[in-house]
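**Student:** sequence below, structure please.
(2 chains)
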Amino acid sequence: MKINTRPVQRFTFNNRIVRYILLSFLFLILFILQTVPGCFPRIGKIAAYLMIPGVVSVASQGGEIDGAILGAAAGVLWDSVSPEVAGYHMLMLVLVGCICGLALKYSLRNNFVSVLFLSAVSLVVYTVIYWFFFLAMRGHVGSWVTLIYVYLPSDAYTLVMFIPIYFLVKLIYKLGSEREAGVKKLKYNIK
Amino acid sequence: MLISAATYDSGASGIGGAVVETITSPFRKAAKGISDGVSKFFNSFKSYDSYNDQIDELNDKISKLEGQLADYEQIKQENERYEEYLDLKAENNDYTFTAAEVMTDDSISPFYTFTIDKGSKDEISVNDPVIKGSYLVGVVTKVTQTYSVVTTILSPDVNVSAYEIRTRQTGVVCGDAELSLKNECKMEYLSRDTGISSQSIVCTSGVGGIFPRGLIIGTVDSIKNNDHDISAYAVINPSVDFEKLKDVFVITYFDGQGSGDADED
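**Tutor:** Next comes the predicted model:
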């Protein structure tokens, strides 16, 4: 082991905070793309629900805690534009983040294919539950048509967008972990 | 040439003057051409700095004009927008409006639910009608201090008491999950022998105290019989294009607002 003579501890920020700031910024962009008309292409009523793969990607990289925290933040944003019960999207995205994080920790391999699979399942479950509570259970005539012609195609459309989101989240975590490793090395003067 | 010029300048007239002028005219043209060419040649030796200054000046002018054009377009659009409402205001003195812009929409809702940039601090409250010109868009369903959520008439959760203007037949306009895919809604509780025909105009009747009377909802597309009872319904094509909605007006007050609540009480 050699002693490093360079000045130590260049970074004063907590890496976790920096990572959360970057992820919050990412979710803000996803929120804008998802909700501001004209920001992201839509095919008739088929839209991309970008927040859901975002939360699954965070859960895959940061575990269930990060998934739940970012899920809550994304849910609050989504609830702000929704006329439904206050806190519905927040609760659902926290559950998505938590369950996906735990599934990847205990029962699935944490790789691209597993996360893609989890995203697909999350999207279908999310939209089917939404459809069930806010359309089917309210007795709206012909609501199944919405499920088939709007929600399921939207899930497929969203899944295509999962790929860039996943790699962006992965990049943010990679940057954070490299920096963390660098700080540790500098802190203990290890070369 | 000098003689001819002198003769010309002194205003000489008559046949002599005309002859001289005809003879000298090509020379004068040639002289002018040469003089223009020479001055152009010397002008081309202007300094690089002066060209740069000119370019800067012209760029400034262009950016100013572009700014003015953008302002003009914005004012023009605003004028068009306000013109519609002035007509409506002239017809209905009791209406109080608040102009609002569409900010975001709830992509998971198939009924074009959207948010506007005005909230309770602009005196908007839940159940205020939202219009575009004299056409009904929907109703405010959620209000915060700075923004509000609007549910459109395509949603099955919005029920509007309405009438058809030719037959005066009344019914309830509400959304339908299946029809909303084609951006249509329906007018329910019509008798099967209804006289309503396609292209008839449907307006709000004002019953219930949520929507004022006379706002246009849309035109009738077709009449269909209900499968589960003896009534019929009219498929309505709303007059508003929900996909292209950018600005709306919220009616914060009108005579008779909330009268339905009072009846219920």
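**Student:** any stretches of the chain with poor pLDDT?
**Tutor:** Let's take chain A. A:1-14, A:176-191 (pLDDT under 70).
**Student:** right idea, wrong chain: chain B
**Tutor:** B:1-17, B:42, B:44-47, B:260-265.
**Student:** could I get the buried residue list for stretch B:215-230?
**Tutor:** Buried residues in stretch B:215-230, counted by 16 or more other C-beta atoms under 10 Å in any protein chain shown: B:L215, B:I216, B:I217, B:G218, B:T219, B:V220, B:D221, B:I223. (Each C-beta comes from the backbone N, C-alpha and C, glycine too.)
**Student:** I meant stretch A:70-77, not that one.
**Tutor:** For stretch A:70-77, by 16+ other C-beta under 10 Å, it's A:L70, A:G71, A:A72, A:A73, A:A74, A:G75, A:L77.
**Student:** could you export these as TSV, including distance to A:M137 and secondary structure?
**Tutor:** Listed next are the buried residues of stretch A:70-77 as TSV, based on distance: C-beta to C-beta, whole Å; DSSP: H, G, I helix; E, B strand; the rest coil:
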residue	distance to A:M137	secondary structure
A:L70	29	helix
A:G71	24	helix
A:A72	25	helix
A:A73	28	helix
A:A74	24	helix
A:G75	21	helix
A:L77	25	helix
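**Student:** among those residues, which are within reach of chain B?
**Tutor:** The subset of these within reach of chain B, by C-beta under 8 Å from any C-beta of the partner chain, is empty.
**Student:** now the residues you listed as TSV including distance to A:I52?
**Tutor:** Formatted as TSV, these follow (distance: C-beta to C-beta, whole Å):
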residue	distance to A:I52
A:L70	12
A:G71	9
A:A72	14
A:A73	14
A:A74	9
A:G75	10
A:L77	13
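**Student:** list just the nearest of the buried residues of stretch B:215-230 to B:V173.
**Tutor:** Using C-beta to C-beta, B:I217 comes nearest to B:V173 of these, at 5.5 Å.
**Student:** what pairs with the residue lying closest to the closest one once chain neighbours are set aside across the strands?
**Tutor:** Spatially, and ignoring its direct neighbours in sequence, B:I217 is nearest to B:V202 (4.7 Å; C-beta to C-beta, 6 or more residues apart in numbering or on different chains). In this entry, B:V202 is beta-bridged to B:E164, B:G218, by DSSP bridges.
**Student:** how many neighbours does B:V202 have?
**Tutor:** A total of 27 residues lie near B:V202 under the criterion other C-beta atoms under 10 Å in any protein chain shown.
**Student:** just the one 4 residues further on next, same as before
**Tutor:** The tally of other residues near B:G206 (other C-beta under 10 Å) stands at 21.
**Student:** and it, what helix or strand is that in?
**Tutor:** Under the criterion DSSP states H and E, no helix or strand holds B:G206.
**Student:** what residues does chain A have near chain B?
**Tutor:** A:34-37, A:42, A:45, A:47-49, A:80-83, A:127, A:130, A:135, A:138, A:140-143, A:145-146, A:149-150, A:154.
**Student:** now the helices for chain A?
**Tutor:** Secondary structure of chain A (DSSP state H): helices at A:15-35, A:51-80, A:88-106, A:112-131, A:143-146, A:152-187.
**Student:** hey, which of these is tucked in deepest?
**Tutor:** Among those, helix A:51-80 has the highest mean neighbour count (mean count of other C-beta atoms under 10 Å in any protein chain shown), at a mean of 25.
**Student:** tell me which other helices or strands that helix touches.
**Tutor:** Using 3 or more C-beta pairs under 8 Å, 6 or more residues apart in numbering or on different chains; DSSP states H and E as the contact test, the elements touching helix A:51-80 are helix A:15-35, helix A:88-106, helix A:112-131, helix A:152-187.
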